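Participant: next come a sequence and a model predicted from it.
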2 protein chains.
Amino acid sequence: MTLTLTESKVRFLESLADKTRLRIVEALREKEKTVTQLVQELGATQSNISGHLRLLKISGIIKSRQEGKYVYYSLASSAIADFLTKLEDMLIAMKREALESA
Amino acid sequence: MTLTLTESKVRFLESLADKTRLRIVEALREKEKTVTQLVQELGATQSNISGHLRLLKISGIIKSRQEGKYVYYSLASSAIADFLTKLEDMLIAMKREALESA
DNA sequence: TTAACATATCATTAATTAATGATATGTTTA
DNA sequence: TAAACATATCATTAATTAATGATATGTTAA
């Protein structure tokens, strides 16, 4: 099952197009974190966070390593962080353009 | 109803995280197009395309201008095209990294 | 080795949403 | 003006998915 480039883009965008998942990914930009740390930081249930982490991992956006009873999650690539920066820059640019044309 | 930055990002990503909408936006990178042109190019129904165009316009991703009985749609900002380029570059970079570590 | 802790999985429920077909609105042209 | 064309809107249906609570699995420490 090889995806077309457009399908790959959609999969990637879908993975980030959820408030909880985007907050997880932004939290992981700072440093790797355990499930419990993310649960506390985001104020969501453990089951909910674990489910989202699973999806993000399958999508190739994050990776994990186990250390004793803890599982540390982190971004799979620095390209993800660059992309998030670009997303933010773009929204700011669009907001500015919208104000200028008003 | 002012959105937080994270919410704005999610809204934007949701708007593009659909195969039909992403294809529309990529089709509009080339040049402005009418609804009928998009219907033909994408092979979808007119009602379906119109609905997606409406959503993309509300999201601020595309804009439109009417010329007689035609409505021409185009990208709202060149920042959108830049973002799509970045998305594609990132996916290619991630694919390369995945192959290297294999 | 049992209790406590960390994480993953599963079934259910509620909500969201894309597609469709029908119809309405608006514009041009015969 | 009426027919043809272009686009928008609406109700319905089907499918997807996020959240929740419960439970299972795996790890450490008492």
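Facilitator: Looks like it arrived, so ask away. Note that the structure is predicted; figures quoted are calculated from it, not measured.
Participant: with only the CA atoms kept, save the host helix or strand of A:Leu91 in CSV.
Facilitator: Assigned by DSSP states H and E, A:Leu91 belongs to helix A:78-100. What follows is helix A:78-100, C-alpha atoms only, in CSV (Å, rounded to 0.1, in the frame of the first residue of the first chain):
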residue,chain,number,x,y,z
SER,A,78,14.0,18.1,13.4
ALA,A,79,12.2,18.6,10.1
ILE,A,80,9.0,18.5,12.1
ALA,A,81,10.0,21.4,14.3
ASP,A,82,11.0,23.4,11.2
PHE,A,83,7.6,22.7,9.7
LEU,A,84,5.9,23.9,12.8
THR,A,85,7.9,27.1,12.7
LYS,A,86,6.9,27.6,9.1
LEU,A,87,3.3,27.1,10.0
GLU,A,88,3.4,29.7,12.7
ASP,A,89,5.3,32.2,10.5
MET,A,90,2.8,31.7,7.7
LEU,A,91,-0.2,32.3,10.0
ILE,A,92,1.4,35.5,11.3
ALA,A,93,2.1,36.6,7.7
MET,A,94,-1.4,36.0,6.7
LYS,A,95,-2.8,37.8,9.7
ARG,A,96,-0.6,40.8,8.8
GLU,A,97,-1.7,40.7,5.2
ALA,A,98,-5.3,40.6,6.3
LEU,A,99,-4.9,43.6,8.5
GLU,A,100,-3.1,45.6,5.8
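Participant: show me what it is packed up against.
Facilitator: With contacts taken as 3 or more Cβ pairs under 8 Å, 6 or more residues apart in numbering or on different chains; DSSP states H and E, helix A:78-100 sits against helix A:19-30, helix B:5-16, helix B:78-100. All C-beta atoms are positioned from the backbone trio N, CA, C, and that covers glycine.
Participant: mind listing what's buried in that helix?
Facilitator: By neighbour count on 16 or more other Cβ atoms under 10 Å in any protein chain shown, the buried set for helix A:78-100 is A:Ala79, A:Ile80, A:Phe83, A:Leu84, A:Lys86, A:Leu87, A:Met90, A:Leu91, A:Ala93, A:Met94.
Participant: ok, the fourth one - contacts?
Facilitator: The neighbourhood of A:Leu84, defined by Cβ atoms under 8 Å, 6 or more residues apart in numbering or on different chains, consists of A:Val25, A:Glu26, A:Arg29.
Participant: my read: the first one touches A:Leu16, true?
Facilitator: Yes - assessed by Cβ atoms under 8 Å, A:Val25 is found in contact with A:Leu16 at 6.5 Å.
Participant: what do these two both touch?
Facilitator: A:Ile61.
Participant: look up how far A:Ala93 lies from the most centrally placed residue in chain A.
Facilitator: Central residue of chain A (Cα atoms, centre = their mean): A:Val25, 3.0 Å from the mean position. Distance, A:Val25 to A:Ala93, by Cβ to Cβ, to the nearest Å: 21 Å.
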